[in-house]
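K.L.:
what's the 3D shape of this:
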Amino acid sequence: MAKHGVGGSTFSDWWAYKYEVYEAIPYNAKMMADRGVVVAINSDDAEMARRLNQEAAKSVLFGGMKEEDAWKMVTLNPAKLLRIDDRVGSVKAGKDADLVLWNDNPLSIYARAEKTWVDGVRYFDREEDVKMQDWVRKERARILRKLQTSPKVGGEGRERPSRPKEHYECDSDEDEG
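P.N.:
Numbering: from 1, shown residues only. Predicted structure coming up:
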């Protein structure tokens, strides 16, 4: 693969659950990297894709890969395989970068994202999130108190009118709204 300039995108250790990974082993990323192949760690599961940092860490655990090389498998190497590493994949002047500030080594299962920036815009800040959760809890309690102490509108036992439920099939062309 390295001789022909072909890279490899692989699962970290999810072997034997479907055909394309049936004979995979947890050492494959490290073995390919040791032979000069540019390797990326992937997932076809949305939840697992959110934790590719932990998937890359498995190459450190199983194969003894250096942490920096494991980190590249979810940052720079995928950009190289897509031939867009001149624009993304590492933090350098002139590149687009989505950044995460971690509270610990990002390859650790204990690491938490503290702040996240996407296209230069702060999308997440743990301190702000704690404040927002506190505000939501207080606002919910305020609304519930108000509902519990206000007189009922429309009299006792009166239910809100509802629309008849319609059954839609895959070839229905009516609007649900």
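
K.L.:
low-confidence ranges in this structure?
P.N.:
Low-confidence segments of the chain, defined by pLDDT under 70: 152-161, 167-177.

K.L.:
residue boundaries of the strands in it?
P.N.:
8-10, 39-41, 99-102, 113-118, 121-125 (DSSP state E).

K.L.:
Who are the packing partners of the second one?
P.N.:
Judged by 3 or more Cβ pairs under 8 Å, 6 or more residues apart in numbering; DSSP states H and E, strand 39-41 is in contact with strand 8-10, helix 28-34, helix 52-63, helix 76-81. To be clear about C-beta, it is placed using only N, CA and C from the backbone, and glycine gets the same treatment.

K.L.:
Now stretch 42-61: buried residues?
P.N.:
For stretch 42-61, the buried set under the neighbour-count rule, 16 or more other Cβ atoms under 10 Å, comprises 42, 52-60.

K.L.:
separation between the residue most central in space within the chain and K92?
P.N.:
Relative to the mean C-alpha position of the chain, the nearest C-alpha, by Cα atoms, centre = their mean, is the one of R50, at 2.1 Å. Relative to K92, R50 is positioned 25 Å away (Cβ to Cβ, to the nearest Å).

K.L.:
Any figure for the gap between I41 and D69?
P.N.:
Computed as Cβ to Cβ, the I41 to D69 distance reads 11 Å.

K.L.:
cool, V91 as well?
P.N.:
Noted for V91: a distance of 17 Å to D69, by Cβ to Cβ.

K.L.:
out of these two, which sits in the busier spot?
P.N.:
D69 (18 against 10; other Cβ atoms under 10 Å).

K.L.:
sorry, back to before: out of the helices and strands packed on strand 39-41, which comes closest to I109?
P.N.:
When the helices and strands packed on strand 39-41 are ranked by proximity to I109, the top entry is helix 52-63, at 5.7 Å, counting by Cβ to Cβ.

K.L.:
orientation of the closest one relative to strand 113-118 in degrees?
P.N.:
With axes from the mean of the first three to the mean of the last three Cα atoms, to 10 degrees applied, the angle from helix 52-63 to strand 113-118 works out at 120 degrees.

K.L.:
Can you redo the helices and strands packed on strand 39-41 as JSON lines, where the extra columns are distance to T149?
P.N.:
Shown next, in JSON lines, are these (distance: least, Cβ to Cβ, whole Å):
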{"stretch": "strand 8-10", "distance to T149": "59"}
{"stretch": "helix 28-34", "distance to T149": "61"}
{"stretch": "helix 52-63", "distance to T149": "48"}
{"stretch": "helix 76-81", "distance to T149": "56"}
